[in-house]
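**Student:** okay, predicted coordinates and the sequence, questions at the end:
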Amino acid sequence: MFTRHRAGAAQPALHAHGPAPRLKGLTSQSGAAAIVLVMAIMFAVLLIGIALFALGGGETGVVEYSVDSTRALWLAESGLERARGWLGELFADDPTANPLGQGLEHQPLGGGDYTYTVTDVNAGFGGLPEFTVLSTGVLDGATRQIRAVLTPETFSHFQWFVDSQAPDTWFVTGDYFEGPVHMNGHLRVDGDPWFGAQVTAAGDYIEAPNSHPTFTAGYQTNVEPIPLPDYSEINQTLRADAMDHGLYGPALQGNGSYYQVVLGRDGNLGTLSYRRYEGGYSPWTDRSIASLGGAAWFDSEVWLEGTIDGELTIGCSGPIWITDNVLFADSTPGQGPNPGCDDLMGIVGLQEIFVKDTPANRHDCEIHGIMMALNRRFQVEDWNQPPARGTLTLWGGIIANQAWFIGTFVQGVARSGYDPEWHYDPRMLRMFPPYFPLTGNMTLLSWEEIVPPEV
């Protein structure tokens, strides 16, 4: 050990026989501990690397499965669209067909496949069937499944449908459509029209400068045209059933002859009254609307007005003239059908449908129902002759070969004819007047994804 010394004294020598001094440094035990610590750290780093690699691979797998799952849903949607087209063609060819249990299995598409089956058939509103379709899409182990209810689509589904258009047919400021709109021509916009449901067109979209239309549910162009029914189809359905068990009026003789038809005449709701004009009037004939089976047909011109209590479609091989209001019994004037209303009215003309220039129609006119003019258009008589006649209110829809004429306007105000007030009858999404023609397509009533899939 070292001895104490005074400052300035000579350093003593080491004791010749004392213990050797101990050097500071690692012992064998502490060195081994350090090696173990380093190895532990390296092992921990290795584990973390393995974990990160596994996590990265897992995330890649999750992303891949998510993509596959989304694509499997698209496959299920493709199966539903395939079923939709097939059912439309099947029902158009044979309305009595029963496709229960039928479908297609494992149809390859996009690296996966889809399967669809009709699992249920029920009677829907208005007598049309409702088909329940189960469609399954599979891709690389991912499975998605949807269930939908479809029903045949009638032309009454549309609020506004035009088969062909003159070059100057445009939607303009003031046009207001709450229901579905379709054109077999171009969709032309000039101004600020408003559309509350989907708009479809077989042609292109054409917009005039400074136009600001509102498409609440969007629009789609270049879709497949929807052809109007031909005369033979109408003759085989509405006209044939009117002759068989409804009301049939044969062709009248002489120029200027016509049938006058009044619904609910003199307050007798639930009745249809008619008489012939052939140079003079015949006596009235009254028929219960309930006894007509929904079908009435006249092979000569018809003058029509009144209040419908029940379900009826009136067809005519000539022009149809609206001589006064045509209203549902269960409705509020100016406000359309009341909640729970079960009255339905179809008006089908092989020629034009006119709002006639009568004293009753010179101060507003209101029409409830769906009108179809197969050869020409819906039109106001003397539409371009002043003065204006008030408001033409429609609760329902117009299906026509050509666009209509209702008046002339200066800065949006009617100078002649009528100011339009169009309203859709939302019941027409699932209901329709009796014998109203079908489009050949299917309407989607409901859609849901089955989670987990029923496989």
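**Tutor:** Arrived safely. In this text the structure is predicted, and so the values were computed from the model without any measurement. Residues are numbered from 1 along each chain as shown.

**Student:** low pLDDT regions in the stretch 51-200 of the chain?
**Tutor:** Along the stretch 51-200 of the chain, segments meeting pLDDT under 70 span 51-63, 125-127, 166-168.

**Student:** can you pull out the strands in it?
**Tutor:** 103-109, 112-123, 129-139, 142-154, 160-162, 171-172, 176-177, 181-183, 187-190, 194-195, 199-201 (DSSP state E, counting those that start in this stretch).

**Student:** output those as CSV; include the columns distance to N401.
**Tutor:** C-beta coordinates here come from the backbone N, C-alpha and C atoms, glycine included. Below are these laid out as CSV (distance: least, C-beta to C-beta, whole Å):
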stretch, distance to N401
strand 103-109, 37
strand 112-123, 33
strand 129-139, 29
strand 142-154, 17
strand 160-162, 8
strand 171-172, 18
strand 176-177, 19
strand 181-183, 12
strand 187-190, 17
strand 194-195, 22
strand 199-201, 16
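
**Student:** mean neighbour count and distance to Q335 added to those strands, as TSV?
**Tutor:** Formatted as TSV, those follow (neighbours: other C-beta atoms under 10 Å; distance: least, C-beta to C-beta, whole Å):
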stretch	mean neighbour count	distance to Q335
strand 103-109	13	44
strand 112-123	18	31
strand 129-139	23	30
strand 142-154	21	25
strand 160-162	23	20
strand 171-172	20	25
strand 176-177	18	16
strand 181-183	25	22
strand 187-190	22	29
strand 194-195	20	20
strand 199-201	23	25
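
**Student:** out of the ones you listed, flag the one nearest I48.
**Tutor:** Closest of the strands of the stretch 51-200 of the chain to I48 is strand 142-154, at 31.5 Å (criterion: C-beta to C-beta).

**Student:** which residues touch the spatially closest residue to G270 that is not a sequence neighbour?
**Tutor:** Nearest residue to G270, sequence neighbours excluded (C-beta to C-beta, 6 or more residues apart in numbering): D309, at 4.5 Å. Applying C-beta atoms under 8 Å, 6 or more residues apart in numbering to D309 gives the contacts L263, G264, L269, G270, I289, F328, A329, D330, D343.

**Student:** what pLDDT does the fourth one get?
**Tutor:** This means G270. Looking at G270, its pLDDT is 97.

**Student:** got it, and P12?
**Tutor:** Here the pLDDT value assigned to P12 is 39.

**Student:** ok, residues contacting the strand or helix carrying L327?
**Tutor:** Element membership for L327, per DSSP states H and E: strand 320-328. Contacts to strand 320-328, defined as C-beta under 8 Å, 6+ apart, come from residues 258, 263, 301-309, 314, 333, 336-337, 341, 343, 345, 347, 349, 351-356, 358, 360-361, 365-369, 381, 395.

**Student:** dump that strand to PDB, restricted to CA.
**Tutor:** Output of strand 320-328 as PDB, limited to C-alpha atoms (Å, rounded to 0.1, in the frame of the first residue of the first chain):
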ATOM      1  CA  ILE A 320    -108.000  11.400 -77.200                       C
ATOM      2  CA  TRP A 321    -109.300  14.800 -76.000                       C
ATOM      3  CA  ILE A 322    -109.200  15.900 -72.400                       C
ATOM      4  CA  THR A 323    -112.300  18.100 -72.100                       C
ATOM      5  CA  ASP A 324    -112.100  18.900 -68.400                       C
ATOM      6  CA  ASN A 325    -110.200  17.700 -65.300                       C
ATOM      7  CA  VAL A 326    -109.400  14.000 -64.900                       C
ATOM      8  CA  LEU A 327    -108.900  13.400 -61.200                       C
ATOM      9  CA  PHE A 328    -108.500  10.600 -58.600                       C
END
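
**Student:** now it: average pLDDT?
**Tutor:** 98.

**Student:** next structured bit after it?
**Tutor:** With DSSP H and E, the next secondary element past strand 320-328 is strand 331-332.

**Student:** secondary structure class for I35?
**Tutor:** With DSSP: H, G, I helix; E, B strand; the rest coil as the basis, I35 sits in helix.

**Student:** list the contacts for it?
**Tutor:** Counting by C-beta under 8 Å, 6+ apart, I35 has no contacts.

**Student:** start at 10 instead
**Tutor:** Right, with 10 as the first residue, what we last looked at is I44.

**Student:** please report how far E187 lies from L196.
**Tutor:** Distance of E187 to L196, computed by C-beta to C-beta, to the nearest Å: 17 Å.

**Student:** same question, M437
**Tutor:** Separation of M437 from L196 (C-beta to C-beta): 21 Å.

**Student:** same thing with D333?
**Tutor:** 34 Å.

**Student:** what do you get for N277?
**Tutor:** 45 Å.

**Student:** likewise for Y268?
**Tutor:** Look at Y268 and L196: by C-beta to C-beta, they are 38 Å apart.
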